[in-house]
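*Asks:* need a structure here:
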Amino acid sequence: ELGRLKTGTPPRLLKRSIDFSQLEEQPGDEPVPYFSFWKDAEQDEEFHVEQSANPYPKGSILDQIGGQLKCWITWTSSKTATIIRENLHKSPMYSGVIEGVGPRYCPSIEDKIVRFEDKETHQIFLEPEGIATDEIYVNGFSTCLPFEVQIEMVRTIKGCENAEILRPAYAVEYDFASPRQLHPSLECKPCRNLFLAGQINGTSGYEEAGAQGLMAGINAALRVQAKEPLVLRRDQAYIGVLIDDLITKGTQEPYRMFTSRAEYRLLLRQDNADLRLSAIGNDKGVLSGRCFDVFCSKKVAVENEIERLEKTFEGSTSLAQVLRRNEVNYENLPQRDETLPEEVRQQVEITVKYAGYVERQEAEVARFRTMEDKQIPAWLDYAGIVGLRNEARQKLIDHQPATLGQASRISGVSPSDISLVMVHMKRGPKEADAAGVREGRVGKSQRPNPQGPTKLQSVIEKKSEATPLAIDRRLRHGLDEFGDHSVGHEIAFYI
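*Replies:* Numbers count the residues shown, from 1 in each chain. From the prediction side, this is the model:
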């Protein structure tokens, strides 16, 4: 199953043709936020490097050039909008040549002018492409208008009145494979041993592609070794959220990963990525022994300091309780350990301050873990589940979810549908098949029940508008009448 999507890129400008004196300077963050927890692992035996005159890792690009390259902010003008409106008929997107859907959160400059016509100007970032090139990336100005129109457009941007285009902007329409055809390992369901990652799965963005490539590569290697695939849960990593969203919901537009897509955002923080994933990486052989030792040293240091704060008192109050106060941080904490490195102090403070909130979310994860991990058996025949709504039946047959958790997140599948699936699973293959025959099912089709819904169906359907507590009570009461106490309790727990 294939679909069509669209992406685009902005023009690249010659740096020396831009008048930066008119622009607003945009420096990088200081201190530099690194993507790696192990930037110093190869240079130092400890899990940190003491602060020095040069704050950058030895041998890095930042170390070589003495800091970060600057970006600049500029703006389009009313002339920009006029030129675009006058030439809109030349745009493949608006003339119908390109029909694919583009990224919702990265609109072209034509889209911005058309969709936000009340805005007189739009912000543009000018970003250097690298240290060894004079190319400037015009972020926020992607277009597919003809080259001669692009020249006019660019020269209406403040500071770019005399800018020269080194490479014109362009748009690309491309095929993608519906990600609902993938296993959680990113292996294709129709083709064993074929793993897909990146734009072909309907995603947009470097990080999204990199995350999928990492998981597809790991799982391809594990397949060669005849080992179980690595599947990260939604409460373990944003990678888990990304892949689960793709394989259960699919996508009709280029998919971007946002924190708002994760229901367990409090656990998926950038500061604790090493705590969440290092042990898994070490177990699968993708994290070096040196880096894992660095992680273990940090973890022990954090745990030891938290234990010390719990046992050390300032008057009648433990230091941990003091640190939980809003106005207190580790830097002004009495009896603090000045020898601890910054990353350890930060993790200690976060862990102590937010312990209550984190524990609450972990309890929520534990409650739903049983359903999330409950595998749907291969023998289950959705066509044979009496009472299952036609929409849900069609979606479940189409998606073939691996777990109840995945099934519950499919659009069009309600909690009552999941409850019926659970009851069917509990019966087992022989009893489920026999129950289907008793209810009047013939082969793979289902006849409507002339007697109307059973008590079980009525109880489940009524609960959709109730609160969780009311759901629990109603299900227990109704299912006790139905005559299967164990099934009633199981359904109430899962919902």
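*Asks:* helices or strands up against whatever helix or strand residue 305 lives in?
*Replies:* Element membership of residue 305 [criterion: DSSP states H and E] is helix 289-311. With contacts defined as 3 or more CB pairs under 8 Å, 6 or more residues apart in numbering; DSSP states H and E, helix 289-311 has these neighbours: helix 273-284, strand 317-318, helix 319-323, helix 342-353. Bear in mind the C-beta positions are built from the backbone N, C-alpha and C, glycine included.
*Asks:* Also compute the angle for that helix relative to helix 342-353, please.
*Replies:* 50 degrees (axes from the mean of the first three to the mean of the last three CA atoms, to 10 degrees).
*Asks:* Any chance you could list what contacts the very next helix or strand once past helix 289-311?
*Replies:* Downstream of helix 289-311, the first helix or strand assigned by DSSP H and E is strand 313-314. Here strand 313-314 makes contact (CB atoms under 8 Å, 6 or more residues apart in numbering) with 319, 322, 334, 335.
*Asks:* Now render those residues as CSV, adding pLDDT.
*Replies:* Below are the contacts of strand 313-314 laid out as CSV (pLDDT from 0 to 100):
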residue, pLDDT
319, 97
322, 96
334, 95
335, 95
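*Asks:* are any of these buried, and which?
*Replies:* The neighbour count (16 or more other CB atoms under 10 Å) marks 319, 322 as buried among the contacts of strand 313-314.
*Asks:* Widest-spaced pair of the contacts of strand 313-314?
*Replies:* Farthest apart among the contacts of strand 313-314 by CB to CB are 322 and 335. That separation is 9.4 Å.
*Asks:* Tell me where the protein has strands.
*Replies:* Secondary structure of the chain by DSSP state E: the strands cover 2-9, 12-14, 24-26, 71-75, 123-128, 135-139, 165-167, 170-177, 313-314, 317-318.
*Asks:* most neighbours per residue, which of those strands?
*Replies:* strand 135-139 (a mean of 21; mean count of other CB atoms under 10 Å).
*Asks:* follow-up on the earlier one: right, so of the helices and strands packed on helix 289-311, which gets closest to residue 147?
*Replies:* The nearest among the helices and strands packed on helix 289-311, by CB to CB, is helix 273-284 at 43.0 Å.
*Asks:* Report the angle between that closest one and helix 342-353.
*Replies:* 110 degrees.
*Asks:* Packing partners of helix 273-284?
*Replies:* Checked by 3+ CB pairs under 8 Å, 6+ apart, helix 273-284 has helix 289-311 packed alongside it.
*Asks:* Please repeat the previous calculation with a cut-off of 10 Å.
*Replies:* The contact analysis (3 or more CB pairs under 10 Å, 6 or more residues apart in numbering; DSSP states H and E) places helix 273-284 against helix 206-224, helix 238-249, helix 289-311, helix 342-353.
*Asks:* Any idea how far the third one is from the middle of the chain?
*Replies:* Taking CA atoms, centre = their mean, to the nearest Å, the mean C-alpha location of helix 289-311 is offset from the chain mean by 28 Å.
*Asks:* Stretch 121-137 too?
*Replies:* Worked out by CA atoms, centre = their mean, stretch 121-137 lies 27 Å from the chain centre.
*Asks:* go on, stretch 11-29?
*Replies:* That offset, for stretch 11-29, works out to 32 Å (CA atoms, centre = their mean).
*Asks:* mind checking the end-to-end distance for it?
*Replies:* Using CA to CA, to the nearest Å, one end of stretch 11-29 lies 26 Å from the other.
*Asks:* any idea of the mean pLDDT in that stretch?
*Replies:* Stretch 11-29 comes out with an average pLDDT of 96.
*Asks:* what's the answer for stretch 352-365, then?
*Replies:* On average, stretch 352-365 scores 93.
*Asks:* Residues contacting it, please?
*Replies:* Contacts to stretch 352-365, defined as CB atoms under 10 Å, 6 or more residues apart in numbering, come from residues 233-236, 263-267, 269, 272, 305-306, 309-310, 319-326, 328-330, 333, 350-351, 372.
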